[in-house]
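Sharing a sequence plus its predicted fold:
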Amino acid sequence: MDVNAFLSTVFEGLFGIAIQLRYLFLIAFLGLIFKTPWFKGKVGEFLVNFMLNRFLDKQHYHLIKNVTLPTEDGTTQIDHIVVSQFGIFVIETKNMKGWIFGTAKQKQWKQTIYKRSFPFQNPLHQNYKHTQTLAACLNLPTDCIYSVVVFVGDSTFKTKMPENVTYARGCLKYIKAKNETVFTPDQVAEIVSTIEAGRLSRSLKTNWQHNKHVKEIVAGKQVTEKVKVEKPVVSKEPTIPVCKKCGSVMVLREAKKGKNAGNQFWGCSNYPKCRSMVKVED
């Protein structure tokens, strides 16, 4: 027997098995990646981005995607921002399947798949922080900033949803239905420039820091829930006042000029139509 030929045959066989195992491991790894919420979220954002780019007139609508803005307690990440003369649209994307249950005021919504239910945060509440942060960064009233939640994937609403919670095509319809001019072309250009200048750089480090901040918030909520069982916690969050003149919700702002520069105050969200102000109580 030719030993060299035998060893060569054995090594070739082992090498072939190693190659096959490598591909099997790669396929299994990709299968796990495809099932993660992160990957599903990225696919959803890609689909919405493609739709907005394809069906919105670029002369009138300016799309900015994946915007991470600094906040007092960390960062907040916005999937898509559409800036136009008709307002600013802050879009939160959800790539989910199954039946979706929820109302505007509920803290938790429910996803049902084959009789199994999974709670998730009300995306309207999630997007509220996005709109408030953006309004503060741009120093604009919130009534010209619209919150939009878009579901992609094989999902079905089983409860009546607000008009700003919709599927992909409905998102376009909602945006185009706003046709009252609130900004001039120069103001639109300035808003786009301000967002681009104020956003954190798009990088792995920025995403890592944001994800870390989100995990800290979730962990904090879990600790708070445990404390609530043992002892009631008195909330230190300020109560948001309502404008006594027009009934609109008021927004926390900071004086930029004058003797009160740097001081915070409550200003009517209907500004400049309503200029009502309330002092912030200590």
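Sure, I can see it.

rest of the way, CA atoms for contacts and neighbours
Will do.

Which of the three states applies to residue 171?
Per DSSP: H, G, I helix; E, B strand; the rest coil, the secondary structure class of residue 171 is helix.

For burial, what's the neighbour tally of it?
A count of nearby residues for residue 171, using other C-alpha atoms under 10 Å, gives 22.

same check, this time on the one 5 residues further on
Neighbour count of residue 176, defined by other C-alpha under 10 Å: 12.

ok so it is a helix residue?
Yes: Residue 176 sits within a helix when classified using three-state DSSP.

per-residue confidence averaged over stretch 275-282?
Taken as a whole, stretch 275-282 has an average pLDDT of 76.

Oops, could you answer that again for stretch 185-199 instead?
The average pLDDT for stretch 185-199 rounds to 90.

same deal with stretch 250-269?
Averaging pLDDT along stretch 250-269 yields 77.

Please point out which parts of that stretch sit buried.
250, 251, 252, 253, 254, 264, 265, 266, 267, 268, 269 (16 or more other C-alpha atoms under 10 Å).

Report the beta-bridge partners for the first one.
Right, residue 250. Under the criterion DSSP bridges, residue 250 forms beta bridges with residue 268.

now swap in the fifth one and tell me
Beta-bridge partners of residue 254, counted by DSSP bridges, are residue 264.

returning to what we had before: now for the buried residues of stretch 250-269: which two are most distant?
264 and 269 (14.7 Å; C-alpha to C-alpha).

quick one: low-confidence ranges for the stretch 51-200 of the chain?
Scanning the stretch 51-200 of the chain for pLDDT under 70 picks out 200.

neighbours of the closest residue to residue 123 other than its chain neighbours, just the number please.
Sequence neighbours aside, residue 149 is the residue nearest to residue 123 in space, at 6.8 Å (criterion: C-alpha to C-alpha, 6 or more residues apart in numbering). For residue 149, the neighbour count with other C-alpha under 10 Å is 21.

Surely residue 149 is in a strand?
Yes: per three-state DSSP, residue 149 lies within a strand segment.

list the contacts for it?
91, 92, 93, 94, 123, 124, 127, 164, 165, 166, 171 (C-alpha atoms under 8 Å, 6 or more residues apart in numbering).

Point out the ones among the residues you listed that are inside strands.
Judged by DSSP state E, those include 91, 92, 93, 94, 165, 166 as members of strands.

Tell me which residues touch residue 274, please.
245, 246, 268.

go again using 10 Å as the cut-off
243, 245, 246, 248, 267, 268 (C-alpha atoms under 10 Å, 6 or more residues apart in numbering).

just to revisit the earlier point, just put the buried residues of stretch 250-269 in TSV and tack on distance to residue 53.
Shown next, in TSV, are these (distance: C-alpha to C-alpha, whole Å):
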residue	distance to residue 53
250	34
251	32
252	34
253	33
254	35
264	39
265	39
266	37
267	35
268	34
269	30
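
and which of the contacts of residue 274 is nearest residue 83?
For the contacts of residue 274, the nearest to residue 83 is residue 268 (22.3 Å; C-alpha to C-alpha).

Look up phi and psi at residue 136.
Backbone torsions for residue 136, taken as degrees, to the nearest 10, come to phi -70, psi -40.

quick one: it from residue 82, how far?
Applying C-alpha to C-alpha, to the nearest Å, the value for residue 136 to residue 82 is 17 Å.

more crowded one of these two?
residue 82 (21 against 16).

List the beta-bridge partners for the more buried one.
residue 63, residue 89.

Any idea how many residues pack against residue 246?
Residue 246 has 14 nearby residues by other C-alpha under 10 Å.

Would you mind giving the secondary structure of it?
Three-state call for residue 246 (three-state DSSP): coil.

residue contacts, it?
Contacts of residue 246 (C-alpha under 10 Å, 6+ apart): 268, 269, 270, 273, 274, 275, 276.
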